[in-house]
Structure formats: structure tokens, C-alpha cells
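Quick one, fold the following:
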Amino acid sequence: MSEFIPPATRFIDLPAAFPMKRGGVLHGARIAYESWGKSQDTHDNTILIVTGLSPSAHAASHDGDPTPGWWEEMLGPGKPIDTDLWHVICVNSLGSCNGSTGPASIDPATGCPYRLEFPELSIEDIADAAAFTVRALGIDRLACVIGNSMGGMTALSLLARHPDLASSHISISSSVHALPFSIAVRSLQREAIRLDPHWNGGHYDHARYPECGMMTARKLGVISYRSALEWDGRFGRLRLDAAQRGQDDDSFGREFEIESYLESHARRFVRSFDPNCYLYLSRCMDWFDLGDAYGCSADQALARLSLDRALVLGVPSDVLFPLNQQRQIAVGLRAGGVDAKFLPLESPQGHDAFLVDTDRFGPAVAGFLADLRQRGTAGWSPLSRVNAIQPAHRRSGTACIQ
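Numbers count the residues shown, from 1 in each chain. Okay, here's the model as predicted:
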């Protein structure tokens, strides 16, 4: 299958020969990005967003592409990441199929898609490509780098490998490395794709696409992205009616509403994302360990990052990136002298909370960015900003500082 290029996406060409951390070199590679707001003459109001595994650079609508973005409620004029105040760049990860060079892209040496000939991909490669993009746009120093999920890993790697590029960081539902549970889930996702006969060693096309494997992989992902508490509240044991169940002769077919939800969610995703790209990006998350940047432990690596301020957000209901991993980031940054705040948010929506629970995440992010604009103010408190911005019915028992 060919890669998907979102409308109005712009591109930065990487160096003619872009070396990869684990070996191999990309020739003629590029990074897709989109931007919002205006950069000041001093370029000190720029925020970089690095994304999770599947999002494109289209984080929010804009004049060039009015379709809603994957973080539409968070980014835009008057929103928590206020593009009337900030110049925001979102890059699509190297290795993706949403405009940046990846396994679905054409290899200039052969004229055919890279497929599994694409070099082994690492989070460090994604970070280096993002850093190059920022500098190629004429920006020497970012006001803030924001990373969600895999993007949080990318952000930490960028801060370690390019220590002078950003002065602050917002880490959301991320970690310094993957835990065994997360590795196990992604391993099963990759196995489901590779066991689909249509995967064919990475040589598939639109007519012979590993749909069953991708469907199973996506369903596993969705299960891990949300929480059992949310599933119970949304679906309980509600059953489908006869018309919704489909084939009468399928005695093991869908019966419960949760099964139908997973099916429809997966079907919306599978044909929009390249399976080989999914394999590469998934595996690089499992490989990543921040300590590799310095040849030390992840905690020691955190203490060596050069930052002024940081905000670390997460939710207790996240099973994929548990809250202790966000606490570890904040504690490690503090050990190195960073003014790092850890803000757990009581959302029932699991790992995906940062995408859907804007009532909780929005005020925390807005408060941190507001304080960045008032650098002369002594101290800052994201909790006070949360209470000031949140509707009154959301204030009680929703957040605490640790």
C-alpha cells in the first residue's frame, strides 16, 4: 500500500544521508509537519508537539485543512495550547505512513516501497529527525516540547540528544522505557499482523491486505488504551439485538455491545495505517530506554537533562503507561534541579484520557504554559491554575500535587 499524505501537510528534507541509530542510512528522507500561530522574531514562543504511534502531524484544524485534528480540543485559538499566543509545530514521526519517510515510502534506490528493507527504527531516530526539522525551520530554541505516549519517549530522547533545544517540557502519559505488560501487548499486536497470511512477509497491497491481523492488533490496542472501569460504565453487559449480531449461523459471533464497539473502532483504523509502519513503530517503543543516551540508569539520565521547568501528567487508570512511570519522570528531573511538577489526574479513561478528557488535561497544560509566559513570577502551581480554569463541578477531588 502507498503512504497517506494528509492535506496541507508541509515537509522538511532530512540530510541527504540520514544515519540511523541501529545501523543503516536513509537517503532522500523527509519529515511531514504542520504548524499553527505565528513565530515571534526571537522565535522564543515555539512549542513542538511529538506524537504517539499512529497520529499524523494534523493535530488540529487550520486554514489549510479545516478537518478536525487528533488533538482538536486542546490546540487552537483560545484553547489550552493557545495558538493566538504560541507558534506550534507538530511533526509526524519518522517511520510513519502519514507523510514522513517510513516503510511504506518509496526507496529511491529501488523505486519500490521499502517494506522490511527499511532500516531498524529507534525512538532516537525519531527524535533526531524532529530536532533537525525544528532547526531547519530556523528555530534554535523551543519554549516547550510536548510529548504524549510514544511522543513522550521521543521528547525525552530529544532532550537528551539535543540538550540546548528546549527550555521546558510537558510529558503526558509516557515513560523512560516500556514495562513488561506494555511490551507483551505490543508483541501480541505484532504477532497478529505477521500471522495474517496476507501480510506475506511485508509484501501486501490494497487487494491483499492483512485486515484480520490489523483488526486484532487494533482491538488489543484499544483494550489497553482505556480502562476496565470505563468499559463497565459505558457498556456493562449490554447485548446487541438480533439485527446487530450479523450472521445467524455464526454461533461465536458478536453478542455484547463492547464487542461491536471494538469491531467498529478497528475497522475505522485498519485501512488508514500501514501494517509495516505499525510493526516498526511498535517495536521501537519496546526497545527504548532513556538510560542508553548516557550509558547509565534511566533515573540518572533524567537527572542529567537540561531543562528549566517541566510538567508531568498521567492518570491512575492507565495500564499501558502506569502512573508510577510518570512519577519516576518528575522525581528524576527534580534530582537534576529541574522545577518539575507531577500532576496525577483522576480520569477513568485510561491511557487515552489525554485525547478525550480535555476538562482535566486542558487546564493543567494551559496553566503551565501561562506560567511560562510569566517567567519573572516566583514559583508556579498547576493546581491553582486547574482550580481557576476548571468548571466548579470538576474541581472537587480531580487532581492533587505529589
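
Please count neighbours and contacts with C-alpha atoms only from this point.
Will do.

domains of this structure?
10-182+289-394, 187-281 (automatic domain parsing).

Please identify the most buried of the ones you listed.
Of all the domains of the chain, domain 10-182+289-394 has the most neighbours on average by mean count of other CA atoms under 10 Å, namely a mean of 20.

Give me the residues contacting stretch 32-50.
Residues outside stretch 32-50 that contact it (CA atoms under 8 Å, 6 or more residues apart in numbering): 8-12, 57-58, 62, 76, 83-93, 98-100, 130, 139-148, 151-152, 154-155.

all helices of this protein, in order?
Per DSSP state H, the chain carries helices over the ranges 123-136, 150-161, 180-195, 211-225, 228-235, 242-245, 257-270, 275-287, 298-303, 323-335, 353-356, 358-372, 382-389.

Which one of the ones you listed lies nearest to P344?
P344 sits nearest to helix 323-335 of all those, at 7.4 Å, using CA to CA.

so what secondary structure elements neighbour the closest one?
If contacts are counted by 3 or more CA pairs under 8 Å, 6 or more residues apart in numbering; DSSP states H and E, helix 323-335 sits against helix 298-303, strand 309-314, strand 339-344.

so it versus helix 150-161, what angle?
For helix 323-335 against helix 150-161, the angle by axes from the mean of the first three to the mean of the last three CA atoms, to 10 degrees is 20 degrees.

Contact partners for the residue nearest to the spatial centre of the chain?
With distances taken as CA atoms, centre = their mean, G52 lies nearest the centre of the chain, 1.7 Å away. Contact analysis of G52 by CA under 8 Å, 6+ apart lists G147, N148, S149, M150, G151, G152.

rewinding a little: next, format the helices and strands packed on helix 323-335 as a markdown table and append distance to P322 and mean pLDDT.
Output for those, formatted as a markdown table (distance: least, CA to CA, whole Å; pLDDT from 0 to 100):
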| stretch | distance to P322 | mean pLDDT |
| --- | --- | --- |
| helix 298-303 | 16 | 97 |
| strand 309-314 | 8 | 98 |
| strand 339-344 | 11 | 98 |
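
returning to what we had before: next, format the contacts of G52 as JSON lines and append pLDDT.
Putting those into JSON lines (pLDDT from 0 to 100) gives the following:
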{"residue": "G147", "pLDDT": "98"}
{"residue": "N148", "pLDDT": "97"}
{"residue": "S149", "pLDDT": "98"}
{"residue": "M150", "pLDDT": "98"}
{"residue": "G151", "pLDDT": "98"}
{"residue": "G152", "pLDDT": "98"}
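
mind showing which ranges of the stretch 101-250 of the chain have poor pLDDT?
For the stretch 101-250 of the chain, the stretches with pLDDT under 70 are 246-249.

one more time with 50
Along the stretch 101-250 of the chain, no part satisfies pLDDT under 50.

I'd like to know which of the contacts of G52 is nearest to L313.
Proximity of those to L313 (CA to CA) peaks at N148, which lies at 9.5 Å.
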